[in-house]
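**Q** got a predicted structure plus its sequence, pasted below:
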Amino acid sequence: MAASVLDWTIKELECRYQELSGWGVREIDGYNTELMRRNLVKEFDEQGQPWLPLPYIVICIDDLSDLS
């Protein structure tokens, strides 16, 4: 199960990197700061909704033997 979670994480991170590069930022804090700036000046998304910040992904591995 741990391996499948890590596979999902890799795919999610790849999607996030593409999203960040599309916004011209390099890290999640820069992305969320830009979102807040756009929301303040009411530059909302295509549906007219405020942008939602990206949460951090935290993975805790209790036992490394779970990965084998």
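**A** Cool, the structure landed. Just so you know, these numbers come straight off a predicted model, no measurement behind them. Residues are numbered from 1 along each chain as shown.

**Q** and the biggest helix by length in the chain, what other elements does it pack with?
**A** Ordering each helix of the chain by length in residues (DSSP state H) puts helix 2-23 first. Under the contact criterion of 3 or more C-beta pairs under 8 Å, 6 or more residues apart in numbering; DSSP states H and E, helix 2-23 touches helix 28-40. All C-beta atoms are positioned from the backbone trio N, CA, C, and that covers glycine.

**Q** could you measure from residue 12 over to residue 58?
**A** 12 Å (C-beta to C-beta, to the nearest Å).

**Q** if we can go back for a sec, I'd like the average pLDDT over the longest helix of the chain.
**A** The pLDDT scores in helix 2-23 average 91.

**Q** of all the residues in that helix, which ones are buried?
**A** Residues of helix 2-23 classed as buried by neighbour count (16 or more other C-beta atoms under 10 Å): residue 20.

**Q** next one: it to chain centre, how far?
**A** Distance of helix 2-23 from the chain centroid (C-alpha atoms, centre = their mean, to the nearest Å) equals 8 Å.

**Q** picking that back up, so what sits against both of residue 12 and residue 58?
**A** Here residue 12 and residue 58 share no contacting residue, scored by C-beta atoms under 8 Å, 6 or more residues apart in numbering.

**Q** tell me the SS of residue 56?
**A** Three-state call for residue 56 (DSSP: H, G, I helix; E, B strand; the rest coil): coil.

**Q** hmm, it is touching residue 31, no?
**A** No - using C-beta atoms under 8 Å, residue 56 makes no contact with residue 31, being 11.4 Å away.
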